[in-house]
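**Q** Fold the following, please.
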Amino acid sequence: MKNTFGESVSVTLFGESHGIAIGAILDGMAPGIDVDEDFIAHQMNLRRSVSSLSTARKEADVVHIVSGVVNGKTTGTPITFIIQNGDQHSRDYEKMKTIARPGHADYTAFCKYHGFSDTRGGGHFSGRITAGLVAAGAVAIQALKKHGIHIGTHIAKCAGVSDRGFDNMKDDIALLNAQSFAVLDEKQGEHMKEAIAKAKAEGDSVGGILETAVIGFPEGVGEPWFDTLESMLSHALFSVPAVKGVEFGDGFALANMKGSTANDNFRIENDVITTETNHNGGILGGISNGMPILFRAAIKPTPSIYKEQKTVNFGTNENTDLVIKGRHDPAIVHRARVVVDSVTALVLCDMLALRFGTDYLQNGGKI
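**A** Have a look, this model is predicted:
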């Protein structure tokens, strides 16, 4: 029944997809950190449904901050974000309370909550709940930016179409954070959109791969074994709906390399220790080494599709067929990227606070 993540800097999620409101509580942020509500609105817009590539459900997603911020600065007490729901079509789900939608958490939620969970729109399991993560993550992202730590995610692949990789990371991250459909190659982005539109016309959906880069993160952050930087990021990333795989650096490709290739040779440049390559994604022994943190997350196709599927009615214990009604995304990879940025920022803030103290982000990153 736990809905909180983080030790020093933590986030708690609340609400249901078709309830009155959803939101998040961000606790442990140092006092005096800037909170820019225009930036929060910008981040929320990156998560919202846009054009025919997303669900027809339209939510304003206006974030109300009801505690923890005074005169645009954090007070050091819990920050509560509330986002009203306004475009619910609950009737679309009334007849499906005991029908397991393939790819969804309907059956597993029934097993855990014994039929008492809110089933409308997926309830607390809905991707809509990530709106609270984005609101809280916006504060964390800005806190990191103040200290030269920047995060950017692009759609590395969607429906079999690949984007180019990161080149000049600082410029690429700035480019991505201004885009609603985050790609580094605009032409490939158009091909992705065409593939999404084709899947929608067929009543189907597509998935993709998100690639994230973090620059400016200090070395020496992370713990050996159970609280490694990789394991903490993975924990949070796998909490994002539809994430089914995470790899760091060259990931699974490392298995096909020789050590002479996979190892990142160390050098000193301008009195700074760096590596010539970054096959390990900026993390060694679970601890940051000062190089860019690089990882990829696999996003499965949206499970709500308009094709007939075989399933069960676990209320009557019978087999049945299902054609899902309602409003659904033919792809969520382009909306999920800002959620990945947000959880990444929250984890990094938590890890920095654990390593250097709770005031680290407030005092200019001084150790």
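**Q** Now do the contacts for residue 335.
**A** 46-49, 54, 127, 329 (CB atoms under 8 Å, 6 or more residues apart in numbering). C-beta coordinates here come from the backbone N, C-alpha and C atoms, glycine included.
**Q** what about the stretch 1-150 of the chain, any weak spots by pLDDT?
**A** Within the stretch 1-150 of the chain, the stretches with pLDDT under 70 are 1, 50-52, 54-58, 87-94.
**Q** mind listing the helices for it?
**A** Taking DSSP state H, counting those that start in this stretch as the test, the helices found in the stretch 1-150 of the chain are 37-47, 106-113, 130-145.
**Q** Report the next helix or strand after the last one in sequence order.
**A** Which is helix 130-145. Per DSSP states H and E, the first helix or strand lying C-terminal to helix 130-145 is strand 150-158.
**Q** and the helix or strand just after that following strand, which strands flank it?
**A** Heading C-terminal from strand 150-158, the first helix or strand you meet, by DSSP H and E, is strand 161-162. Strand pairing for strand 161-162, determined by DSSP bridges: strand 150-158 (antiparallel).
**Q** Might you list the low-confidence residue ranges for the stretch 251-367 of the chain?
**A** 327, 363-367.
**Q** and residue 248, what are its phi and psi?
**A** Main-chain torsions, residue 248, degrees, to the nearest 10: phi -110, psi 140.
**Q** Who does it form a beta bridge with?
**A** So, taking DSSP bridges as the rule, residue 248 has residue 295 as bridge partners.
**Q** tell me which residues of stretch 212-230 are tucked away?
**A** For stretch 212-230, the buried set under the neighbour-count rule, 16 or more other CB atoms under 10 Å, comprises 212-218, 221-223, 228-230.
**Q** What about the residues you listed, which are in strands?
**A** 212-215 (DSSP state E).
**Q** quick check, nearest of the residues you listed to residue 336?
**A** For those, the residue nearest residue 336 by CB to CB is residue 212; the value is 11.1 Å.
**Q** residues contacting the closest residue to residue 8 other than its chain neighbours?
**A** In space, and not counting its chain neighbours, residue 8 is closest to residue 353: 3.8 Å by CB to CB, 6 or more residues apart in numbering. Going by CB under 8 Å, 6+ apart, residue 353 touches 8-9, 28, 30, 360-361.
**Q** Dump those to TSV, plus distance to residue 22.
**A** Shown next, in TSV, are these (distance: CB to CB, whole Å):
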residue	distance to residue 22
8	25
9	20
28	21
30	26
360	30
361	26
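**Q** Pull the most distant pair out of these.
**A** Largest pairwise distance in the contacts of residue 353, by CB to CB, is 11.7 Å, between 28 and 360.
**Q** got a pLDDT number for the residue nearest to residue 211 when sequence neighbours are not counted?
**A** Closest residue to residue 211 apart from its sequence neighbours, by CB to CB, 6+ apart: residue 156 at 4.0 Å. At residue 156, the pLDDT value in this model is 98.
**Q** which of the helices of the stretch 1-150 of the chain sits most buried?
**A** helix 130-145 (a mean of 26; mean count of other CB atoms under 10 Å).
**Q** Run the angle between it and strand 150-158 for me.
**A** Orientation check (axes from the mean of the first three to the mean of the last three CA atoms, to 10 degrees): helix 130-145 against strand 150-158 gives 130 degrees.
**Q** my read: residue 79 touches residue 137, true?
**A** No - if you go by CB atoms under 8 Å, residue 79 and residue 137 don't touch, sitting 11.8 Å apart.
**Q** ok now the longest helix seen in the chain, how far from the chain's centre?
**A** Secondary structure of the chain per DSSP state H: the longest helix is helix 333-356. Distance of helix 333-356 from its chain centroid, counting by CA atoms, centre = their mean, to the nearest Å, is 8 Å.
**Q** What of stretch 11-22?
**A** With CA atoms, centre = their mean as the basis, stretch 11-22 stands 17 Å off its chain's centre.
**Q** give me the number of residues near residue 204?
**A** Neighbours of residue 204 under the rule other CB atoms under 10 Å: 14.
**Q** So for it, what's the nearest residue that isn't a sequence neighbour?
**A** residue 305 (5.3 Å).
**Q** count of residues packed around the residue lying closest to residue 98 once chain neighbours are set aside?
**A** Using CB to CB, 6+ apart and skipping the chain neighbours, the partner closest in space to residue 98 is residue 315 (2.9 Å). When neighbours are counted by other CB under 10 Å, residue 315 registers 12.
**Q** distance between the helix or strand hosting residue 235 and the chain's centre?
**A** Counting by DSSP H and E, the element that carries residue 235 is helix 229-237. Counting by CA atoms, centre = their mean, helix 229-237 is centred 12 Å from the centre of its parent chain.
**Q** quick one, it and helix 333-356 angle?
**A** Using the same axes, to 10 degrees: helix 229-237 against helix 333-356 is 130 degrees.
**Q** residues making contact with helix 229-237?
**A** By CB under 8 Å, 6+ apart, the residues outside helix 229-237 that reach it are 5, 221-222, 243, 246, 248, 283, 286-288, 293, 295, 297, 340, 343-344, 346-347, 350-351.
**Q** Swap in 7 Å and give it another go.
**A** 5, 221-222, 243, 246, 248, 283, 286-288, 295, 297, 340, 343-344, 346-347, 351 (CB atoms under 7 Å, 6 or more residues apart in numbering).
**Q** Surely residue 348 is in contact with residue 144?
**A** Yes - the criterion here is CB atoms under 7 Å, and residue 348 meets it with residue 144 at 6.2 Å.
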